[in-house]
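Engineer: With the input below, show me the fold.
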Amino acid sequence: MNDTTNTLKQIIGKTVKAIRLKQGLSQEDLAHECNVDRSYISMIEVGRNEPSVTKIFELCRGLKVASDFIKMVEIEYNQGREQD
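Structural biologist: Predicted coordinates:
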């Protein structure tokens, strides 16, 4: 995998976790909303799993932040590129 892929995986995981915690949801709660196992959410949050586009939209729906989520990832990604 290239650096961009790894960076995006880390940013997606960090963003999912931040939103989930802000909303007071457990990994189990979010997993239930997205019809996945809790371990899948954990793997995303630590950057070990790269969710498909379909799963990203399911996560956004579960977190109730569809448009905001993508914007947040884009902002952080661009900030990282500026630091390189």
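Engineer: Now do the lengthiest helix in the chain: which elements does it pack against?
Structural biologist: Counting by DSSP state H, the longest helix found in the chain is helix 3-22. If contacts are counted by 3 or more C-beta pairs under 8 Å, 6 or more residues apart in numbering; DSSP states H and E, helix 3-22 sits against helix 27-34, helix 38-45, helix 53-63, helix 66-83. (Each C-beta comes from the backbone N, C-alpha and C, glycine too.)
Engineer: Buried residues, it. List them.
Structural biologist: 7-17, 19-20 (16 or more other C-beta atoms under 10 Å).
Engineer: picking up where we left off before, out of the helices and strands packed on helix 3-22, the one nearest Asp3 is which?
Structural biologist: Ranking these by their distance to Asp3 (criterion: C-beta to C-beta) puts helix 66-83 first, at 9.8 Å.
Engineer: how about that closest one as CSV, C-alpha atoms only?
Structural biologist: Only the C-alpha atoms of helix 66-83 are listed here, as CSV (Å, rounded to 0.1, in the frame of the first residue of the first chain):
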residue,chain,number,x,y,z
ALA,A,66,-23.0,11.8,5.8
SER,A,67,-21.9,15.0,4.2
ASP,A,68,-19.9,16.3,7.2
PHE,A,69,-17.9,13.1,7.4
ILE,A,70,-16.5,13.4,3.9
LYS,A,71,-15.7,17.0,4.4
MET,A,72,-13.9,16.3,7.7
VAL,A,73,-11.7,13.6,6.0
GLU,A,74,-10.9,15.9,3.1
ILE,A,75,-9.9,18.8,5.4
GLU,A,76,-7.6,16.6,7.5
TYR,A,77,-6.1,14.9,4.4
ASN,A,78,-5.4,18.3,2.8
GLN,A,79,-3.8,19.6,6.0
GLY,A,80,-1.5,16.5,6.1
ARG,A,81,-0.4,17.1,2.5
GLU,A,82,0.4,20.7,3.2
GLN,A,83,2.8,19.6,6.0
